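Trainee: coords please:
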Amino acid sequence: MNAQNPEKKVGTVLFCDIRNFTSLFDDKDPFEAVEFANTVLAVLGEVVEENGGTVDRFTGDGFLAHFGFAREADNHVKLAAKTCVSIRGTLKEINASRYFKVESMVAVGIGIHTGEAAYCRLETNQLKQTTVLGDTVNVAARIEELTKHYTVDVLCSDEVYQVLKDDFQFQKMPLKSIRGKKKPVQTHWFLPTNTNS
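Mentor: Residues are numbered from 1 along each chain as shown. Model prediction:
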């Protein structure tokens, strides 16, 4: 695999994962699960794009998105925050429809981190893809995993919090160790009271 023309850029990375995806479809046709995932992820992907972000890749039951890498944006951290508010609103609409069909509610976990990463084009004989790579991406993924530990939907790194603290509401979470980091990390819950107004 070759990384073509890597650029070091500062941006914001968002990992989104559909909660308990497999249990939603334990007794159902796997094709139904695929159709559901495609529909929900496509809708959430559109929310990302509408808020100035780029969906980097889908992961089966989630996706990686970024802000400020593919499209220049000085306010990339705020764009990620606005995306989270919009995702929450979209999920309310999806779940309202599922409620009347007596179907399980859909929930997500989201991790957000901001920092430097390599923005590059990966090429193999089978695949050509533009993507972001680096520690910022890894930390965002680990923070998303922490949403399960804290049973919250959106967690941000302290770096994200420092940029957004005057415009949005947060709750500081206990320090927690994550894979790949020697020191525990500080995260903040992006509160459901936040709006895009």
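Trainee: which regions of this protein sit below the pLDDT cut-off?
Mentor: For the chain, the stretches with pLDDT under 70 are 1-5, 22-28, 125, 127.
Trainee: look up how far Gly53 lies from Arg71.
Mentor: Distance from Arg71 to Gly53, counting by Cβ to Cβ, to the nearest Å: 8 Å. (Each C-beta comes from the backbone N, C-alpha and C, glycine too.)
Trainee: what's the helix ranked longest in the chain packed up against?
Mentor: Looking across the chain with DSSP state H, the single longest helix is helix 76-100. Identification of packing neighbours for helix 76-100 by 3 or more Cβ pairs under 8 Å, 6 or more residues apart in numbering; DSSP states H and E yields strand 2-18, helix 30-50, strand 62-67, strand 108-123, strand 154-157, helix 158-164.
Trainee: what's the local residue count around Asp56?
Mentor: Asp56 is flanked by 22 other residues according to other Cβ atoms under 10 Å.
Trainee: err, Lys92, not the other one
Mentor: 9.
Trainee: how close does it sit to Ile18?
Mentor: Lys92 is 15 Å from Ile18, where distance means Cβ to Cβ.
Trainee: likewise for Gly89?
Mentor: With Cβ to Cβ as the criterion, Gly89 and Ile18 are 17 Å apart.
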